[in-house]
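In: Next comes the sequence, and after it the predicted model I'd like to discuss.
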Amino acid sequence: MKRNLLVAASVVTLACIFAAGTWYGRRTPTTTGAVSGRKVLYYVDPMNPAHTSDKPGKAPCGMDLEPVYADVALVSAPGPELASWPPGTIKVTPEKQQLIGVRLATVEREGLVHNVRLLGRVAVDETRTYRINAAVNGWITRTLPYTTGSYVKKDDTLASFYSPEFLSAMQALLFGLNARDRTLAAAPETSLATMHSNQLFQANLGLQQYRDTLLNLGMGNIQIEDIIRTRRYKKETDVTSPADGFILVRNVSEGLRFEKGTELFRIADLSRVWILVDVFERDATLVQADQPVKVELPNQGKTFAATVSKTLPQFDNISRTLKLRLEVDNPDVALKPEMFVDVELPLRLAEAIVVPAEAVLDAGLRQTVFVDRGNGYFESRNVHIGSRVGDQVQVVQGLTAGELIVTSGTFLLDSESRMKLAAAGVQGLPLTDPVCGMTVDEGKAKAAKRVSEYQSKTYGFCSGGCKKKFDADPTKYLAKGKTPVMTMAAGEPKEVTDPVCGMKVDVAEAKAAKLTGEHQGKTYFFCNEACKKKFDEAPAKYVAAK
């Protein structure tokens, strides 16, 4: 019996403790809020932050509106002065700016240098490549120990060959030499000084023609001079190197019979070489002739100074790249044909507006920066960006030099700005109606065909009337320097409460968007078309609830 009484007493005690804890848990937040004395700025829908109210109540989703306190709010309470600023503008107190780490930077205009790193391939300079082709038929009688890759100097003998076509040419040269010698020997010594100059000219011209014939057949100057000096025939003709360089091709062997036009040797002077690189199409227009370029051998630490060739570049329509050719001195022959090198090509961009890359919020089709308008106001401005170089970005439209922009804390500012636009019923790109000053959604304006193009810029309108006024005289509304605001009747409030959702509504904007309704001689204003439609269907329901 006593045991049963003990169990019952324990159960009752635990129930009392649970009830006391539940009561205290429900009571504590209310008491804490009351004691703390925290200031409530407004109430917000937990499922839709764009839905706000100045008093507690129920959200359209059925949940309780949550308070937003002054000591935790990022953006100060919205005021009527924001109506004169562009859409998406927010106001942040200096304390909150310091809290979220807002940093500013001045917009500058400068020309950026973009260093592009590319892979280059070493190639032989075509102007320093020498091909030794056979000018006659013949066969190789002697070869020297020079192979492909051997270094030779100018006039070095590479091989010898025999051709019967040289016999008549050498006979003509020797005949001319003997004829000139006989003429000079037969003339008296006293008449040599007075010999007619034309005779000497004709004699020397004949000898030069005989020399040229041997040169064209493939005999070198050294052998020709030796024939003139010794007055003897040469049974073999030597193949000599025309310049210092490396043998790239060797097509000779003893006893080889060749025909006229056969390539016997190919020699390249590698003291100056080409480097071939592919530049992408977007950078092709920035390349200039004689531009200095840095070339480096990978993992060797050797660098070379090259220049862009003046020749017309060739564009590859398959890889969409520009075939660029660089010229570089190669005195130590460190750069060999078909080697790969690293190329650093500096590309100077045209002078333009430049901002830090972290200042731009890139959402794909839309890029945004926040401009400091002073006194804590930050304007959300759409811009068009160009090239990006490192941590800097070119802005081709939307900013001017000297403006202050936010470079840090932009994400939080963008979140608040988007909430403000959503509260105004703008889901897409916000535009300002240049006629009435109302914020309009670009997507909705385009769908309703309420947009106009003027001087390469798109303007959106809240109604067909505003569009018609703008199209009649665009300069009238653009020359004002700021967006006009709809006028209101005397004594009419600037803001009222939407009777459907309880959201604050700007009277001027609601009038311009025709978001108004009449009931029992009184005008009501709405934040969007959905609320207006609900009110029109059952106005008494919402007026009675109010």
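Out: Yep, it's here. In this text the structure is predicted, and so the values were computed from the model without any measurement.

In: Strands along the stretch 351-500 of the chain, start to end?
Out: Listed in chain order, the strands of the stretch 351-500 of the chain (DSSP state E, counting those that start in this stretch) span 352-356, 361-362, 367-374, 377-389, 392-397, 404-408, 430-432, 439-441, 451-454, 457-460, 495-497.

In: of all the ones you listed, which lies closest to residue 132?
Out: Checking these against residue 132 by CB to CB gives strand 377-389 as the closest, at 49.8 Å. All C-beta spots, glycine's among them, are computed from the backbone N, C-alpha and C.

In: C-alpha coordinates for the closest one, CSV please?
Out: Coordinates of the C-alpha atoms in strand 377-389 are reproduced here as CSV (Å, rounded to 0.1, in the frame of the first residue of the first chain):
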residue,chain,number,x,y,z
TYR,A,377,22.6,55.6,-49.3
PHE,A,378,23.8,52.9,-51.7
GLU,A,379,22.5,52.6,-55.2
SER,A,380,22.2,49.2,-56.9
ARG,A,381,23.4,50.0,-60.4
ASN,A,382,23.5,47.6,-63.4
VAL,A,383,26.7,47.7,-65.4
HIS,A,384,28.1,46.0,-68.5
ILE,A,385,31.6,44.5,-68.0
GLY,A,386,34.4,43.9,-70.5
SER,A,387,37.7,42.2,-70.0
ARG,A,388,38.9,40.8,-66.7
VAL,A,389,42.6,41.1,-65.9
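
In: Give me the buried positions along that strand.
Out: 377-383, 385-387, 389 (16 or more other CB atoms under 10 Å).

In: Output those residues as CSV; include the columns pLDDT and distance to residue 543.
Out: What follows is the buried residues of strand 377-389, written out as CSV (pLDDT from 0 to 100; distance: CB to CB, whole Å):
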residue, pLDDT, distance to residue 543
377, 84, 37
378, 86, 39
379, 84, 38
380, 82, 36
381, 83, 41
382, 81, 40
383, 85, 46
385, 84, 50
386, 81, 55
387, 78, 58
389, 77, 61
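
In: Return the closest of those with respect to residue 467.
Out: The closest of the buried residues of strand 377-389, once distances to residue 467 are taken by CB to CB, is residue 382, at 20.6 Å.

In: most packed of the strands of the stretch 351-500 of the chain?
Out: Compared across the strands of the stretch 351-500 of the chain, strand 439-441 shows the largest average neighbour count, a mean of 25 (mean count of other CB atoms under 10 Å).

In: Serialize the strands of the stretch 351-500 of the chain to TSV and add fields for distance to residue 128.
Out: Formatted as TSV, the strands of the stretch 351-500 of the chain follow (distance: least, CB to CB, whole Å):
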stretch	distance to residue 128
strand 352-356	42
strand 361-362	49
strand 367-374	50
strand 377-389	37
strand 392-397	41
strand 404-408	53
strand 430-432	63
strand 439-441	66
strand 451-454	58
strand 457-460	56
strand 495-497	82
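
In: just so I know, which of the ones you listed lies nearest residue 267?
Out: strand 377-389 (44.4 Å).

In: Pop the domain breakdown of this protein in here.
Out: 1-37, 38-73, 86-112+352-473, 495-545 (automatic domain parsing).

In: In TSV, list these along with distance to residue 212.
Out: Supplementary listing: those in TSV, determined by distance: least, CB to CB, whole Å:
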stretch	distance to residue 212
domain 1-37	110
domain 38-73	94
domain 86-112+352-473	57
domain 495-545	94
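
In: Lowest mean pLDDT across those, which one is that?
Out: For the domains of the chain, the weakest mean pLDDT is recorded on domain 1-37, namely a mean of 49.

In: In CSV, list the buried residues of strand 377-389 along with distance to residue 326.
Out: Listed next are the buried residues of strand 377-389 as CSV, based on distance: CB to CB, whole Å:
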residue, distance to residue 326
377, 52
378, 48
379, 47
380, 46
381, 43
382, 41
383, 37
385, 31
386, 27
387, 23
389, 22
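
In: of those residues, closest to residue 109?
Out: Nearest to residue 109 out of those is residue 386 (CB to CB; 12.8 Å).

In: these two touch, right, the closest one and residue 397?
Out: No - assessed by CB atoms under 8 Å, residue 386 is found out of contact with residue 397, at 9.1 Å.

In: beta partners of residue 250?
Out: Beta-bridge partners for residue 250, by DSSP bridges, are residue 265.

In: any idea how far it is from residue 264?
Out: To residue 264, residue 250 is 8 Å away according to CB to CB, to the nearest Å.

In: likewise residue 309?
Out: Residue 309 is 30 Å from residue 264, by CB to CB.

In: of these two, who's got more company?
Out: residue 264 (20 against 16; other CB atoms under 10 Å).

In: Could you measure from the more buried one over to residue 180?
Out: 34 Å.

In: Ok, residue 255 next?
Out: Counting by CB to CB, the gap from residue 255 to residue 180 is 39 Å.

In: Correct me if wrong: residue 216 contacts residue 133.
Out: No - Residue 216 lies out of contact with residue 133 (CB under 8 Å); the separation is 11.8 Å.

In: Around the residue nearest to residue 499 when sequence neighbours are not counted, count how many other residues there are.
Out: The spatially closest residue to residue 499, leaving aside those adjacent along the chain, is residue 542, at 4.4 Å (CB to CB, 6 or more residues apart in numbering). Using other CB under 10 Å, residue 542 has 20 other residues around it.

In: now residue 477
Out: Residue 477 has 20 nearby residues by other CB under 10 Å.

In: just residue 468 next, same as before
Out: 13.

In: begin at 20 from here
Out: Sure, I'll start numbering at 20, so the last one becomes residue 487.

In: how much space is there between it and residue 295?
Out: Residue 487 is 61 Å from residue 295, by CB to CB.

In: looking at the sheet around residue 397, what are its partners?
Out: Counting by DSSP bridges, the residues bridging with residue 397 are residue 109, residue 391.

In: Let me know whether it touches residue 424 as I believe.
Out: No - counting by CB under 8 Å, residue 397 does not reach residue 424; the two are 9.3 Å apart.

In: how about the nearest residue to the residue most central in space within the chain, chain neighbours excluded?
Out: By CA atoms, centre = their mean, the chain has its centre lying nearest to residue 406, at 3.5 Å. Leaving aside its chain neighbours, residue 406 sits nearest to residue 413 (5.1 Å; criterion: CB to CB, 6+ apart).

In: I'd like the distance between the one you found and residue 540.
Out: When residue 413 is compared with residue 540 (using CB to CB), they lie 58 Å apart.

In: What of residue 482?
Out: Taken as CB to CB, the span from residue 482 to residue 540 is 25 Å.
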